[in-house]
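Chemist: Task: produce atomic coordinates for the following.
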Amino acid sequence: MAASSTLTQQPPTKATPCNRLFIAACRAFDFAYDTVAGNHGELTKALLEGLDCSHRDEVTAAHLINTIQEKLTATTQEPLVFSSGGKISLTFNREYPKHLAPPGTKMSVQRLGLF
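Modeler: Numbering: from 1, shown residues only. Below you'll find the predicted structure:
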C-alpha cells in the first residue's frame, strides 16, 4: 500500500530549514493527570497558561516549554518535550511582527482566548 503524500514529509535539507516542537503529556508507560477541577489535564492547563499572550507580545516555543516545566514541577507528571531548529513563534498579542509578515502585507492576529 502506497503512503499518502499528505502524511509523509521529506527530511529537511540545508536549503529548507525545519523547526519542530513536540509535546506529549507523558510516555506510554507513565500517567497523565487531570486537574482537581476535572475540566482538563495538567498539561492542557499548563499549555493554556503558557499560550496566553495577554501579558507579552509574543509566545515562543522556548517560553511554552519553560511554562510547562514550571507548572508541572509540583506534580508527578513528566511530559515529553522535544524541540529542534530555531525560534518558533506560536502566538502574538498585537500586530503581526514585521520580521515574519510577507512583504507588502498588513496582518493582525488576535490573542488566543481560553476555551
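
Chemist: CA only for contacts and neighbour counts going forward, please
Modeler: Will do.

Chemist: And N19, how far from A62?
Modeler: To A62, N19 is 12 Å away according to C-alpha to C-alpha, to the nearest Å.

Chemist: So which of those two has more stuff around it?
Modeler: A62 (16 against 12; other C-alpha atoms under 10 Å).

Chemist: Now do the strands in the chain.
Modeler: 20-24, 58-60, 80-84, 89-92 (DSSP state E).

Chemist: need the ones you listed in CSV with mean neighbour count, mean pLDDT and distance to L72, can you?
Modeler: CSV is the format used below for those (neighbours: other C-alpha atoms under 10 Å; pLDDT from 0 to 100; distance: least, C-alpha to C-alpha, whole Å):
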stretch, mean neighbour count, mean pLDDT, distance to L72
strand 20-24, 12, 91, 13
strand 58-60, 19, 86, 18
strand 80-84, 12, 88, 12
strand 89-92, 18, 81, 20
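
Chemist: Dump those strands into TSV; add distance to D34 as well.
Modeler: Converted to TSV, the strands of the chain look like this (distance: least, C-alpha to C-alpha, whole Å):
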stretch	distance to D34
strand 20-24	14
strand 58-60	25
strand 80-84	17
strand 89-92	25
